[in-house]
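Peer 1: can't give you the sequence, but here's the structure:
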């Protein structure tokens, strides 16, 4: 069973990497760019047939390693 | 108009960062983990009311800066 996990910085947390990308794009002439924020994306495949259990496993991986819950939010989607 | 862009390594490209995460998760006791691959995620807001034009702009940003099309694939979604 395959899931995608999207990890984004919470909205009040500064995103210096995103700011650099934004400035670069503006310098390249992209005037209609309003904002850009960068995050992480994971594609996780687990050996588990029960969807509820699989989501629980993925959620555990997020909490224990992939996500810093102080500054980041995450979303799990089945793919 | 707001879009999410997901950038992933093409499937035949090695993902050393993903492999490290995978090994770490297995070492932490996540036995049902089959595979994990890491990618990038962008949330882009553009000043543009016409959706087709907005998508075109975002696509241009991807091609010019955000994505290395030799080794990466990308997907644009409206959010």
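Peer 2: Okay, I see it. Everything numeric in this text was worked out from a predicted model, so none of it was measured.

Peer 1: where along chain A do the helices fall?
Peer 2: Assigned by DSSP state H, the helices in chain A fall at A:16-27, A:51-61.

Peer 1: who's the closest residue to residue A:35 other than its chain neighbours bridged to?
Peer 2: Leaving aside its sequence neighbours, residue A:35 sits nearest to residue B:45 (Cβ to Cβ, 6 or more residues apart in numbering or on different chains; 4.6 Å). Placement of C-beta: from N, CA and C, glycine included. Beta-bridge partners for residue B:45, by DSSP bridges, are residue A:35, residue B:2.

Peer 1: so residue B:45 sits against residue B:1, correct?
Peer 2: Yes - using Cβ atoms under 8 Å, residue B:45 is in contact with residue B:1, at 7.1 Å.

Peer 1: give me the neighbour count for the residue nearest to residue A:35.
Peer 2: Here the count is done by other Cβ atoms under 10 Å in any protein chain shown, and residue B:45 has 17 residues near it.

Peer 1: returning to what we had before: in TSV: the helices of chain A, plus mean pLDDT and distance to chain B.
Peer 2: Output for the helices of chain A, formatted as TSV (pLDDT from 0 to 100; distance: least, Cβ to the nearest Cβ, whole Å):
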stretch	mean pLDDT	distance to chain B
helix A:16-27	95	6
helix A:51-61	95	6
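
Peer 1: deepest-packed of the ones you listed, please.
Peer 2: Stretch with highest mean neighbour count among the helices of chain A: helix A:51-61 (a mean of 17; mean count of other Cβ atoms under 10 Å in any protein chain shown).
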